[in-house]
Each structure stands twice: as C-alpha cells, then as structure tokens.
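In: Need a 3D model of the following:
(chains A and B)
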Amino acid sequence: MSEEKSLPGTYLRERDLQSLPGIVEHRPDVKYLYSAGQAQSMFLRGLKDGRILGVRCMRCGRVYVPPRSYCEYCFAPTGDWVELSGEGEVHTAVVSYISTFRERLEKPEIVAVVKLYAPGYTNKDDEYEFAGMFHKLCGVGEDDVINGRVIGMRVKPRWRPPEERIGSVTDIECFEPVQS
Amino acid sequence: MVSRPNLHVKDRVAVVGAGITLFRRRMLETPRELAWEASKMALESAGLTLRDIDCVVIGSAPDAFDGVHMKGEYLADGAGGLMKPTVRVYVGGGTGVFVPIAAWWHVASGLCRTVLAVAEEKMSPARPHPQGVFAYIWDPILERPLGPNLIWIFALEMRRYMHKCRVDKETIAKVSVKNKRNAMGHPAAQAAGEITVEDVLNSEVLVWPVQRLDISPVSDGAAALVLASENEARRITDSPVWIEGVGWTLDNTHWYNRELAYPRYVNYAARMAYRMAGIERPWREIDFAEPYDPFDYKELHHIEGLMLARPCEAPKLLEEGWFDRSGELPTSPSGGLLGVGNPIAAAGLMKAAELFWQLRYEAGPRQVKKPVHKGVAQAWGDLMQAGTVVVMGN
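Out: As a prediction, this is how the structure comes out:
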C-alpha cells in the first residue's frame, strides 16, 4: 500500500450530506408479533404466577433458565420442569446513562446479569455455565456498582402485584438485595 | 467440538492483494461504490483484473444499517460478482474475519483458483443513531421488554472482566491510547490521535464502566483481499502471504448463562486455526496479532481467548509494553477499530489486510519493529457468541 497516495472515499459533514440532491428519507412501517414458543411460553406463564421455572435435560442434567425445549448440547428434548427459589447472585452489573436510542436518561438505570441458584450447578465462582437472567437491579446505588460491592451480592426478584402481571420478563420489576 | 482433524484441503491458499477505502463517519459514496473502490484497489495491488477472478465472497453486517435487505445481491456488482459464483456471509461483528475464511474454503476446496473477498459497511444512514438498529439483535421475548442498549452488554462483560481479573479502568484505557496512536500511521484512519488515559477517563460516561473513548467510532468504509491457490499465487507474486489456519465457532444467544470474563467461542476458533497451522504454543509462535477491539477491554479479552496471554494476564503485559508496536507481541499495529474506525465487516477485513501488509513488510510507518513470520487476526460477533480467527504466514 503506497502511503503517499490518498485512499478513495469522500467524507461528508452532516451539513454537506443534507445539501446533496435527491436525499431520500424513509422510516420503515412494520410491526412484529412474536410467539414465545413452547418452552418460553411456559416460562412466561410461570412469571405471571410469580415463579421462576427452569427445565432439566434428562441426559446431561443441565437446568436451563430461561428454559429451552431441547438441550443444546445433547440435542435431545428437555424433561422435568423445576421451580427455582428465585434467589441468586449478581454476576456483573453496570450503570446505564443512555436509552436504547442513545438519548441521555434522566435517571440512570442499573442493569445486571443474575446467576440464579438452581439444582445441577455448583455455584462456584469458576463455573462457566449457569442458570441466569438479564434484568434490572434496584435497592443498590451507582457507587455499589462502581466499587464492586454489588458483584456476588445475594438478590431476589421484586415481583409486580399479581393483577399487574402480564406474562413477561417485566412481571419482575427488578432484582433487589436479600436482607440478611 | 473441534476435535475432528479439519485438514481435508486440496490447495494451499495465499493472499496476493489488498485494498481499502477511507473509514469515515459518513461518506458520499453508496455502499456499492465503496465496495468497488476497495475491490479495484485490491485487484490492482495484485496486478489482476476482474477477468482473472473465479469467485466472489462478500461480507456485510446487519441489513438494517443500509436499510437495504439482500445486501449481498445489492453489493454484488460493486464487488465484481456479476455472472460469477458469488455469496454473502454474515456473523455479526465476526463477519470481517469470516470473509477471508469463506474465501479460503472456496480455494482450499479446489472449487475456485482466485477469489475476490470484499467487506463493506455503511452505518451512517441509520437515524437518529445507528444504535437504534442494534435494538433488533436482542431476543424479542426475554430482552427487548427491558429496553436494552447494545452498550449494556459490553459494559456488563467489561465489568465482569474487571472484577474477575482485578483490572482497573486506567489500565484498560491504555489499549485505547495505544491503538489510537498506532492508527496515526494508517491512511484510512478516522479516529487516530495522541490521547491520554485521562482523556478516556474524562470522556462521556455512557454505561459505566464504558465511556465514549473506550469505544470505536461509527463508520462507513470498505476493504477487499484477493486470494489465490498456490499455483496461481506463485504466478501472481514473489511474496504471497499464506493463510495457514482458519477457525470459527458460534456459541448460543444466551449470553447471560455463561461466564463473561472469558470468551470460549474465540478460544475454540483459535484452537481450530492453530491446529491447522501446526501452532502448538501460540504465545511464542505468533509474532503479532490483530485482535478485535471495538471496545478497549475487548482487545485484552480476545488476547486471552487467542492464548497469546494466560487468562487475566493481558492487562499486566499491556502495562509492560508487551503489546506496543515495538513490543514482544505487537497487537493491533494497524490502530484497530479504536483508531482506524469500525465499519463493521470492513473493519474486520482491515485487520486481515494488516496481516498481509505486515507480513510483506509493506506497512510503512505501521511496520512492527521485530521480524514477522506469523500473525493472527480475529473478530467477534453477535451476543457474545461468534469467534472468527485467521492465521497467516509469509
């Protein structure tokens, strides 16, 4: 590659772009309706009842949360449903100052991966796979995330009142620390 | 998973040419014009014309960036693919390094003698910010109701890595400083510069621990390689760069069901590529590397996945200057995504192209200080699940 020769491509400032002829603006107008499928529909029904359900592979013993209708490793159908206590430990947590579309949030959100206590796992720190959920954390501050106090903290789901539950991951408002 | 020997190869494969456009926040050219510019430059650098090309492989990340579905078909003419066996491949951010892998098997299988491998990305059309497009990679049932932002997942992984390996943000920021400095020698660079650790730590906090300067920019751009079988390559050039090993793996989308501090999908892909290349001790046999660095911590994470350092050892080696351009094992001598820019698929292919230029001693001011015989380039993609690795030698 010769270093003297400048490369092809023409940079535009936003203003230059806006002044080009024939700019087309388009916003897709589509709507999707997703079914949750066999295993996840069961899981969502569980959430509506205030229960976190997992499913076990009868061959290798893995407990999947969120559940799958087949074991990804054994490629066999999963079997028994297992109800979890809902408690777990924070695997990692962060503080978000931006929305999905990158606008600044007025109030930052704390988001986490929660490693759930489930049969079939040792819950030791070196375990690569675990039953877990991605959710929001409440009852902890930004400082707890930054100084690392939150990692490994015991947490449990804070459920919405039964009449507000719709069979969604948002039936859990957030995970909150277990008071010991 | 990778225990079968994967050596049923008919032909050795070489890279014989490379091309690249500028990487910029927004560009005048259409996606296919960008693809054409990079393809033309790659062909010229090999002394070939389109007539000499048997097959074409195209890589481009989500269709939603361009807002044009069937992007492979859309790009086909700009990538020289008309009336030829042409295919588009896609594994999210891993696409850029998957392009030379797919091109490799076209030649290694004996099906094609020469392949033009082209990667293009134009992120700028998506408004108000390409971040919105990433909303569609999340699981519609389990994740989207939480209103996630793509940066969340990186921040969660970075936080876990910091905890598990006891690394602070000051150390991680040094990757950004190094790569942006390295990029000052790259003619395509969009985000090159001399910055300090303080600049990174004072930049806008997006999702703590991720700040503005921990992340690569939004970019438009294209890159291309020409691959050839051994016989063709020896006719074309005196200094072919051999593709000695390729590897790729995919983990599931349930990223919250696994340890985030170590990328096992990258490790499996690396083991596959090293086995093919006959490399047993990558930390000694690899001379330089282009690990994928869309975020600064990701470079360290991937260095460990590539077995160029032990788990949690990369931050310490970084502090010692091990990964500097003049160091023992230079990483991202190109300047990486942090410095050169991140037009997704094109950025990964830029990393593969850097192996080509370094191994031919044609990298100019970016040439690493030590003599080079073997290099590895890697990309990662999707929800912490795709690993793509290519090993080249001269």
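In: OK, contacts around the nearest residue to A:Cys71 once chain neighbours are set aside?
Out: Once flanking residues are discounted, A:Cys71 sits nearest to A:Cys57: 3.7 Å by CB to CB, 6 or more residues apart in numbering or on different chains. The way it works is simple: take the backbone N, C-alpha and C, and place the C-beta from them, glycine included. Taking CB atoms under 8 Å, 6 or more residues apart in numbering or on different chains as the contact definition, A:Cys57 lies against A:Val63, A:Tyr64, A:Cys71, A:Tyr73, A:Cys74, A:Ala76, A:Thr78, A:Gly79.
In: all helices of chain A, in order?
Out: Remark: helices assigned in chain A by DSSP state H are A:14-18, A:37-48, A:142-146.
In: The ones you listed: which one's closest to B:Gly278?
Out: helix A:37-48 (43.3 Å; CB to CB).
In: Show me which positions of that closest one end up buried.
Out: Within helix A:37-48, the residues scored as buried using 16 or more other CB atoms under 10 Å in any protein chain shown are A:Ala39, A:Gln40, A:Phe43, A:Leu44, A:Gly46, A:Leu47.
In: gap between the closest residue to B:Cys55 other than its chain neighbours and B:Ala352?
Out: The spatially closest residue to B:Cys55, leaving aside those adjacent along the chain, is B:Cys112, at 3.8 Å (CB to CB, 6+ apart). In this view, B:Cys112 and B:Ala352 are 18 Å apart by CB to CB, to the nearest Å.
In: quick one: which of those two has more around it?
Out: B:Ala352 (31 against 24; other CB atoms under 10 Å in any protein chain shown).
In: Return the strand or helix carrying the more buried one as CSV; C-alpha atoms alone will do.
Out: B:Ala352 belongs to helix B:344-359 when assigned by DSSP states H and E. Provided in CSV are the C-alpha atoms of helix B:344-359 (Å, rounded to 0.1, in the frame of the first residue of the first chain):
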residue,chain,number,x,y,z
ILE,B,344,-18.2,-3.4,11.0
ALA,B,345,-17.4,-6.0,8.3
ALA,B,346,-14.8,-3.8,6.6
ALA,B,347,-13.1,-3.3,10.0
GLY,B,348,-12.6,-7.0,10.5
LEU,B,349,-11.3,-7.4,7.0
MET,B,350,-9.0,-4.4,7.6
LYS,B,351,-7.4,-6.5,10.4
ALA,B,352,-6.8,-9.4,8.0
ALA,B,353,-5.4,-6.9,5.4
GLU,B,354,-3.0,-5.7,8.1
LEU,B,355,-1.6,-9.2,8.5
PHE,B,356,-1.0,-9.1,4.7
TRP,B,357,0.8,-5.7,4.7
GLN,B,358,2.9,-6.5,7.9
LEU,B,359,3.9,-10.0,6.5
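In: Starting from that helix, tell me the next helix or strand along the chain.
Out: Next element after helix B:344-359 (DSSP H and E): strand B:374-381.
In: after that following strand comes which helix or strand?
Out: Next along from strand B:374-381, by DSSP H and E: strand B:386-393.
In: could you give me the average pLDDT of that following strand?
Out: Taken as a whole, strand B:386-393 has a mean pLDDT of 97.
In: Within its sheet, name the partner strands of that strand and how each one runs.
Out: Note on strand B:386-393: by DSSP bridges, its sheet partners are strand B:241-250 (antiparallel), strand B:374-381 (antiparallel).
In: CSV please, covering these and showing mean pLDDT.
Out: Shown next, in CSV, are the strands paired with strand B:386-393 (pLDDT from 0 to 100):
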stretch, mean pLDDT
strand B:241-250, 97
strand B:374-381, 97
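In: Which among those is found nearest to B:Met70?
Out: Nearest to B:Met70, of the strands paired with strand B:386-393 and by CB to CB, is strand B:374-381 at 20.1 Å.
In: before we move on, the earlier item: can you tell me which of the strands paired with strand B:386-393 is most buried?
Out: strand B:374-381 (a mean of 29; mean count of other CB atoms under 10 Å in any protein chain shown).
In: Run through the helices of chain B in chain order.
Out: Residue ranges of the helices in chain B, as given by DSSP H, are B:31-46, B:63-66, B:71-75, B:95-108, B:150-165, B:169-182, B:197-202, B:230-236, B:264-277, B:282-285, B:296-305, B:314-319, B:336-340, B:344-359.
In: Break down chain A into its strands, ranges please.
Out: A:52-56, A:63-64, A:81-84, A:88-98, A:104-116, A:132-136, A:154-159, A:172-177 (DSSP state E).
In: Export those as a markdown table, with columns for mean pLDDT, mean neighbour count and distance to chain B.
Out: Shown next, in a markdown table, are those (pLDDT from 0 to 100; neighbours: other CB atoms under 10 Å in any protein chain shown; distance: least, CB to the nearest CB, whole Å):
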| stretch | mean pLDDT | mean neighbour count | distance to chain B |
| --- | --- | --- | --- |
| strand A:52-56 | 96 | 22 | 11 |
| strand A:63-64 | 94 | 23 | 8 |
| strand A:81-84 | 96 | 16 | 14 |
| strand A:88-98 | 95 | 25 | 4 |
| strand A:104-116 | 94 | 19 | 5 |
| strand A:132-136 | 96 | 22 | 4 |
| strand A:154-159 | 97 | 19 | 14 |
| strand A:172-177 | 97 | 20 | 10 |
